[in-house]
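Chemist: got a structure for you, letters missing:
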Ligand code: GGG
């Protein structure tokens, strides 16, 4: 997965802040990335605001432009905020926006790193520094989020609803290879494959079979399998035994929220939605959603979006800029400039200014 060579180091980024706290954290991230560009002078970056989201839906009757894929393909990457609003059913907003992008653009690898930052604490009583430093790899294009199923006999007591999880060999194999390669590139070379193949005897058994087959090509990766229910216990009781984790769309959606909370806060958890073939531009977003309870109050934690922007810079080939940004975030956390979710009193603006100041030091 070598980064592209861009001799010009000029990037055009689509910014989709969307709903809730999305606009607050995305504008904070744009500010720090522009500060990085200004200070390092090694790359130029231009963000174009795209107004898709719930306000757009209320005006146009759809969450995104008709040419959504062509629009996004005209940029090098997308920086996304959050989707969801109190007055629109969640399945309308999620399918209208994020799921209208991830599957069709084949952003099949959703990479969600989590770790406890210096100066912050895991809620786990016995967790030591470094115990939680995981990469969660979520299959992002099929499985339980394939959109297949339906409802009949609506409103009757015999109403039936089906939700069909679709697992294709190609889909499972490509995410498995991606996860083994991620594990191989990390010092511990450890991979845990999460399934539920005792009760789900088709798709999950395919996952087990593909894991075994793919593992033969990565003999230096030590891997094991866990049922998803047992995995929640292991994450809490033996966090140090885990490193890279791969699982289905639904399982990893759930486990990545748990992982983020165990690391300290969902407010610091980033994600990359990657097309590892690089045929389509990838999308980067915080794991958290719209957080209506704190929207507009100026207290949202921007760190998850800063880290997502750092992953975007790394994906674009700007490794130094990524490291500089992450070092700045760590120093700010270490200095105790933390938002409420991490036990502090800092505002979004305080954290953003402190990270910009660190970058400029
Ligand atoms: N920033 C991510 C976001 O808005 N998440 C809302 C959500 O419900 N996501 C579900 C998913 O990631 O599949």
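Modeler: It's in. Quick caveat, the model's predicted, so the values are computed rather than measured.
Chemist: name the residues of this structure found near the ligand, please.
Modeler: Proximity of the chain to the ligand, by Cβ under 6 Å from any ligand atom, involves residues 82, 83, 84, 94, 253, 285, 286, 288, 289. (C-beta placed from N, C-alpha, C; glycine too.)
Chemist: can you pick the most crowded of those residues?
Modeler: Using other Cβ atoms under 10 Å as the neighbour criterion, residue 286 leads the residues of the chain next to the ligand with 32 neighbours.
Chemist: how about the secondary structure of residue 145?
Modeler: The three-state label given to residue 145 by DSSP: H, G, I helix; E, B strand; the rest coil is strand.
Chemist: pretty sure residue 127 is in a helix, no?
Modeler: No. Residue 127 is assigned coil when assessed by three-state DSSP, not a helix.
Chemist: so how far is the ligand from residue 188?
Modeler: 27 Å (Cβ to the nearest ligand atom, to the nearest Å).
Chemist: among the residues of the chain next to the ligand, which lie within strands?
Modeler: Among those, the ones falling in strands (DSSP state E) are 82, 285, 286.
Chemist: in TSV, list those residues along with distance to residue 138.
Modeler: Formatted as TSV, those follow (distance: Cβ to Cβ, whole Å):
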residue	distance to residue 138
82	17
285	12
286	14
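Chemist: mind putting those into CSV with pLDDT?
Modeler: Below are those laid out as CSV (pLDDT from 0 to 100):
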residue, pLDDT
82, 98
285, 98
286, 98
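Chemist: which one of these sits closest to residue 25?
Modeler: Nearest to residue 25 among these is residue 286, at 6.3 Å by Cβ to Cβ.
Chemist: the closest one contacts residue 304, correct?
Modeler: Yes. Residue 286 lies in contact with residue 304 (Cβ atoms under 8 Å); the separation is 3.4 Å.
Chemist: what's the overlap in contacts for those two?
Modeler: 25, 267, 269, 270 (Cβ atoms under 8 Å, 6 or more residues apart in numbering).
Chemist: neighbouring contacts of stretch 84-100?
Modeler: 16, 18-20, 52-54, 57, 62-64, 68, 80, 83, 145, 147, 285, 289-290, 292.
Chemist: helices - which of these land there?
Modeler: Counted as lying in helices by DSSP state H, out of these, are 54, 57, 68.
Chemist: for the first one, give me the pLDDT.
Modeler: Note for residue 54: predicted pLDDT of 98.
Chemist: same question for residue 3.
Modeler: For residue 3, the pLDDT comes out at 66.
Chemist: re the thing from before, now for the shared contacts of residue 286 and residue 304: which two are most distant?
Modeler: 25 and 269 (12.1 Å).
Chemist: comparing the two, which residue is more hemmed in?
Modeler: More neighbours surround residue 25 than the other of residue 25 and residue 269, with 30 against 26 (other Cβ under 10 Å).
Chemist: could I get the contacting residues of the residue in the stretch 101-250 of the chain that the ligand sits nearest to?
Modeler: For the stretch 101-250 of the chain and the ligand, the shortest gap (Cβ to the nearest ligand atom) falls at residue 145, measuring 6.7 Å. Counting by Cβ under 8 Å, 6+ apart, residue 145 touches 99, 103, 249, 250.
Chemist: which two from these end up farthest apart in space?
Modeler: Among the contacts of residue 145, 103 and 250 lie farthest apart (Cβ to Cβ), at 14.1 Å.
Chemist: since we're on residue 180, how many residues are nearby?
Modeler: 24.
Chemist: what helix or strand is it on?
Modeler: helix 169-184 (DSSP states H and E).
Chemist: quick one: mean pLDDT for that helix?
Modeler: Averaging pLDDT along helix 169-184 gives 98.
Chemist: got the contact list for that helix?
Modeler: With Cβ under 8 Å, 6+ apart, helix 169-184 has contacts from 1, 108-109, 111, 135, 137, 139, 141-143, 189-191, 193, 206-207, 210-211, 213-215, 217-218, 220-221, 223, 243-244, 246, 276.
Chemist: hang on, the earlier thing: which of the contacts of residue 145 lies closest to residue 297?
Modeler: residue 99 (28.3 Å).
Chemist: separation between that closest one and residue 185?
Modeler: Distance, residue 99 to residue 185, using Cβ to Cβ, to the nearest Å: 29 Å.
Chemist: what about these two, which has more around it?
Modeler: Just comparing residue 99 and residue 185: by other Cβ under 10 Å the higher neighbour count belongs to residue 99, 19 against 12.
Chemist: and the more buried one, its phi and psi?
Modeler: phi -80, psi -10 (degrees, to the nearest 10).
Chemist: quick check: pLDDT value at it.
Modeler: For residue 99, the model assigns a pLDDT of 97.
Chemist: cool, and the one 10 residues further on?
Modeler: Model confidence at residue 109, given as pLDDT, is 98.
Chemist: same check on the one 5 residues further on?
Modeler: Each residue has a pLDDT score; the one for residue 114 is 97.
Chemist: so it belongs to a strand, correct?
Modeler: Yes. Checked against three-state DSSP, residue 114 lies within a strand.
Chemist: what about it, distance to residue 133?
Modeler: 8 Å.
Chemist: what about those two, which has more around it?
Modeler: residue 114 (25 against 17).
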